[in-house]
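> give me coordinates for this.
(2 chains)
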Amino acid sequence: MNYSEFLKMIPEAFLVLALILVFIGDFCLNKSERKNAVLSKLAAALLVVVGVVTTSVTPESAFGGIYASSAAINVMKVILAFGTLIVMIMAQPWVEKTHRLAGEFYMLLISTLLGMFMMMSSGSFLLFFLGLETASVPLACMVAFDRHRKDSAEGAAKYILVATFSSGVMLFGISFIYAATGTLYFDDVANVVTGSPLCIMGLTFFFSGLGFKISLVPFHFWTADTYQGAPTPVTGYLSVISKGAAAITLCTILMKAFGPMVEYWNYLLYIVIVLSITLANLFAIRQSELKRFMAFSSISQAGYIMLAVVGNGQLGVAALTYYVLVYIVANMAVFTVINVVEHNNGGRTDMAAYNGFYQTNPKLSFLMTLALFSLAGIPPFAGMFSKFFVFMAGVQNGDPMAYIVVFIALVNTVVSLYYYLLIVKAMYITKTDTPLPTFKSDNGTKIALALCTAGIALFGVVSCVYEWIAAAGL
Amino acid sequence: MIPVECYFALSAILFFIGVYGFTTRRNLIAMLISVELILNAVDINFAAINRLLYPNGNEGMFMTLFVIGVAAAESAVAISIIINVYRKFKSDSVDAIKNMKR
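Residues are numbered from 1 along each chain as shown, chains lettered A, B, ... in the order given. Below is the predicted model of the structure:
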């Protein structure tokens, strides 16, 4: 066997190296108060190295095409490493205060990222499946990380059962695609695949399996409970990084392997997008628990993300990547605030806790407002531009159905504005005698919020960010 | 030689037994067993398709091996999580673990 092939998988190789180094660090450092702090800095530094290395490598394919990276995938890897870094920084107070198992948490985090990298740059269904499982099995352990909390155990049980079920359904679909085409490589599948009933059945099963991971609407039932039960940093990770990785993977596989079947999966996407955006918005309005609310918000955002894939167009990958980047900073800002409020006030995450939040913690509520505006897509924040590019990618082929779908999405933006503003209203306007006491944020929260806010403010107006992504995507 | 349709029928029956079990059983372990049935249906499909339709390659067999291995890892994690649930709720029934509001 030719081991030099491994050298072509530089980002993955560096992640494995980071995993080993964190493991050694966890093993060798003696149990002192400083151990967790040292480990978190080590893990964050290693992740920065992975991101920097990924920007500089040229994408290659290895092992006869099982591993096939591209410039657009490399950009997505850098973005996901950046998002994971934010998760790591904002998770620091939670990990250090409540757990003596910091090393384990960082190892699980890095191994899920490794799985996502493998999944994104797979050139065959085999590596795609392995990457997907490497990403979702450790994620279940992370959801169950708060071992003393009942909700965490409940959320993890729901997550792991749905994850295995959905991968079973997805594999069943892949087996029919294998029956129809006789190969598992995306490029070879694209050469032989036709609109035969066997292929359509395989595509549908496959799509529903991955739809579970992105939590699109007919497959979203696990989302609210898992998001609410998981520890807040893990919820943030699930809602942006895991979702972004699964979305870009679905996008590449639909375009690469199922490109000739575009007229079939386009209708599938239309229905799923309209359902996701509309139903999730309606459910989000009546939530009174903030993490649950963000779960429904993330389902509707998933609908917007998939809008970029409609029409199999040139702009799709770039629009999707940019949307995920902007979504990462906005959503992580919200989750950082939820996290710091939760840890300073005995685990409160209900919306009533935020009544009168502005009187006592004006800075935090201002940053949260910016993030919510960006999520809703109000200019001049980055969220408006990302939504614009996604809509543009959706209608670029001029299909009249696509215009209708984009119009429905546009109307739903207004609905989403209403429920995002409900939180803003609670923070600024609602009067209460017992607002949360004033508290001081720790350094991790400050750094994470600074990164996120800079992203929200700048990613939209500094055009080189989109140009960097678009140059790789075309 | 058994025709490939028979394998398809067998795996489809196994798959839908699994789906039925997953949706109707109220016990977490039983749900996990149902998922294993689904994965076994997938294994049969891949092995039979490779053997009967495309005997020149080995891709289906490799896929089967990997699915078996990954399924073992998945059920190990799932069972440990279910044990954790049992410790917290003193039950492994789906009806018992409805702590969070609908």
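> so which bits of chain A are right by chain B?
Counting by C-beta under 8 Å from any C-beta of the partner chain, chain A comes close to chain B at A:125-126, A:129-130, A:133, A:137, A:140-141, A:144, A:147, A:150-151, A:153-157, A:160-161, A:163-165, A:167-169, A:171-172, A:174-176, A:178-179, A:182-184, A:225, A:228-229, A:289, A:292. Where you see a C-beta, it was placed from the backbone N, CA and C, and this is true even at glycine.
> quick one: low-confidence ranges for the chain?
Since you didn't name a chain, this refers to chain A. Under the criterion pLDDT under 70, the flagged ranges of chain A are A:1, A:32-33, A:98-100, A:473-474.
> to clarify, I was referring to chain B.
Ranges of chain B meeting pLDDT under 70: B:99-102.
> if we can go back for a sec, whichever of the residues of chain A next to chain B end up buried, select them in ChimeraX.
Filtering the residues of chain A next to chain B down to the buried ones (16 or more other C-beta atoms under 10 Å in any protein chain shown) takes a single ChimeraX command:
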select /A:125,126,129,130,133,137,140,141,144,150,151,153,154,155,156,157,160,161,163,164,165,167,168,169,171,172,174,175,176,178,179,182,183,184,225,228,229,289,292
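> which members of the residues of chain A next to chain B occur in strands, if any?
Among the residues of chain A next to chain B, DSSP state E puts none in strands.
> who is whichever residue of the stretch 251-400 of chain A sits closest to chain B paired with across the strands?
Using C-beta to the nearest C-beta, the closest approach of the stretch 251-400 of chain A to chain B is made by A:E289 at 7.3 Å. Residues in a beta bridge with A:E289, per DSSP bridges, are A:D350.
> ok, it - contacts?
Going by C-beta atoms under 8 Å, 6 or more residues apart in numbering or on different chains, A:E289 touches A:228, A:349-351, B:101.
> name the nearest of the residues you listed relative to A:S298.
Nearest to A:S298 out of those is A:Q228 (C-beta to C-beta; 12.1 Å).
> any idea how far A:A163 is from the closest one?
A:Q228 sits 17 Å away from A:A163, going by C-beta to C-beta, to the nearest Å.
> same check on B:A73?
The gap separating B:A73 from A:A163 is 12 Å, by C-beta to C-beta.
> anything in contact with each of the two?
Residues touching both B:A73 and A:A163 (C-beta under 8 Å, 6+ apart): A:V137.
> residue 38: helix or strand, and which one exactly?
Using chain A. Assigned by DSSP states H and E, A:V38 belongs to helix A:35-56.
> nope, chain B please
Taking DSSP H and E as the criterion, B:I38 maps to helix B:28-52.
> buried set for the helix or strand following that helix?
Next in sequence after helix B:28-52, counting helices and strands by DSSP H and E, comes helix B:59-89. Going by neighbour count (16+ other C-beta under 10 Å), the buried part of helix B:59-89 is B:59-60, B:63-64, B:66-67, B:70-71, B:74-75, B:77-78, B:81-82, B:84-86, B:88-89.
> restrict the residues you listed to those near chain A?
Under the cut-off given by C-beta under 8 Å from any C-beta, chain A has B:59-60, B:63, B:66-67, B:70-71, B:74-75, B:77-78, B:81-82, B:84-85, B:88-89 from the buried residues of helix B:59-89 close to it.
> the helix or strand harbouring A:G460 - contacts with which helices or strands?
Assigned by DSSP H and E, A:G460 belongs to helix A:443-461. Using 3 or more C-beta pairs under 8 Å, 6 or more residues apart in numbering or on different chains; DSSP states H and E, the elements in contact with helix A:443-461 are helix A:71-98, helix A:316-344, helix A:362-376, helix A:382-395.
> chain center to that helix, what's the gap?
Between the centre of helix A:443-461 and the centre of its host chain there is 17 Å, according to C-alpha atoms, centre = their mean, to the nearest Å.
> same question for stretch A:355-363.
Relative to the chain's own centre, stretch A:355-363 is displaced by 29 Å; criterion: C-alpha atoms, centre = their mean.
> that stretch: which residues count as buried?
For stretch A:355-363, the neighbour count (16+ other C-beta under 10 Å) marks A:355-358, A:361 as buried.
> list the contacts for A:P260?
By C-beta under 8 Å, 6+ apart, the contact set of A:P260 is A:190, A:193-195.
> which other helices and strands contact the longest helix belonging to chain A?
The residue-count maximum for a helix in chain A (DSSP state H) belongs to helix A:150-181. Other elements packing on helix A:150-181 under the criterion 3+ C-beta pairs under 8 Å, 6+ apart are helix A:125-143, helix A:186-192, helix A:197-214, helix A:223-229, helix B:4-24, helix B:28-52, helix B:59-89.
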